[in-house]
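In: turn this into a structure:
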Amino acid sequence: MNVRTQPSTTPENKTLENPALKYPKPPFPEQQQPWPGLTSKMDPKPDHGETSYVGSDRLIGRKALITGGDSGIGRAAAIAFAREGADVAINYLPDEEADAREVESLIRETGRQAVLLPGNITDENFCKRLVDEAAEAMGRLDILVNNAARQFARESVLDISANNSTRRSRPTSTLCSGLPRPRSRECMQGPPSSTPPR
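Out: Numbers count the residues shown, from 1 in each chain. This next block holds a predicted model:
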């Protein structure tokens, strides 16, 4: 396999970089944080698209709620959705406030609305309030990204206990069952026309 190691240029005279050479490589320094941990304390910091993702107006006028939106995939989705034109509400655990504030700043830099909604989605009563508060703050909800999770590292799938499996699926079922039925239909119906509002 031939891997190009030197930058090349496109017909538009833009330099292309080999992504295999662009990012930090292991070994990384050993590091431990108490759960849930903070992205801001990781070394190296993960790339969620903070400086690399460029949107192209695919979600203009949409309203999104993202659980676990302070870090990992949720953070990347929040950044991407805002750069695509969506207003974004993120949910996160209160201990992750510092990371959530960074995401809030990145969303606002795009000119989009950022709504921070701290709380634990394993609490069904909180889930009901979460959906209502997000819809109220943004006028409605068009997109729900139910991303919040806790990772359990195991050597083998056989090492995963029933307790671990229940913890993984409970937030999803709690958030889904936490959607108040009349409110969920109302706030998730989306814009009245096929053209999203600005």
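In: report the separation between the residue positioned nearest the centre of the chain and Ile143.
Out: In the chain, the C-alpha closest to the average C-alpha coordinate belongs to Gly74, at a distance of 1.6 Å (Cα atoms, centre = their mean). Separation of Gly74 from Ile143 (Cβ to Cβ, to the nearest Å) stands at 13 Å. Using the backbone N, CA and C atoms, a C-beta is placed for each residue, glycine as well.
In: same deal with Phe28?
Out: Distance from Phe28 to Ile143, by Cβ to Cβ: 33 Å.
In: check Tyr92 too.
Out: The gap separating Tyr92 from Ile143 is 17 Å, by Cβ to Cβ.
In: more neighbours, these two?
Out: When neighbours are counted by other Cβ atoms under 10 Å, Tyr92 and Ile143 differ, and Tyr92 comes out ahead with 26 against 16.
In: could you tell me how many residues sit around the closest residue to the more buried one other than its chain neighbours?
Out: Of all residues not flanking Tyr92 in the chain, Asp70 sits nearest, at 3.8 Å (Cβ to Cβ, 6 or more residues apart in numbering). If you count neighbours by other Cβ under 10 Å, Asp70 ends up with 30.
In: same thing with Met42?
Out: Met42 - counted by other Cβ under 10 Å - has 14 other residues nearby.
In: same question for Glu96.
Out: Glu96, neighbours per other Cβ under 10 Å, totals 21.
In: re earlier: in a strand, the residue nearest to Tyr92, correct?
Out: No. Assessed by DSSP: H, G, I helix; E, B strand; the rest coil, Asp70 does not belong to a strand; its assignment is coil.
In: just the pLDDT for it.
Out: pLDDT recorded at Asp70 is 95.
In: pLDDT weak spots in the protein?
Out: Across the chain, residues meeting the criterion (pLDDT under 70) sit at 1-13, 163-198.
In: can you give me the strands for it?
Out: 8-9, 15-16, 63-67, 87-92, 114-118, 143-146 (DSSP state E).
In: what's the distance between the residue nearest to Tyr92 and Asp43?
Out: Taking Cβ to Cβ, one finds Asp70 at 18 Å from Asp43.
In: likewise Glu155?
Out: Computed as Cβ to Cβ, the Glu155 to Asp43 distance reads 25 Å.
In: tell me which of the two has more neighbours.
Out: Between Glu155 and Asp43, counted using other Cβ under 10 Å, Asp43 has the larger neighbour count: 9 against 6.
In: tell me if I'm right that the more buried one and Phe28 touch.
Out: Yes. Proximity of Asp43 to Phe28 meets the contact threshold set by Cβ atoms under 8 Å, at 7.0 Å.
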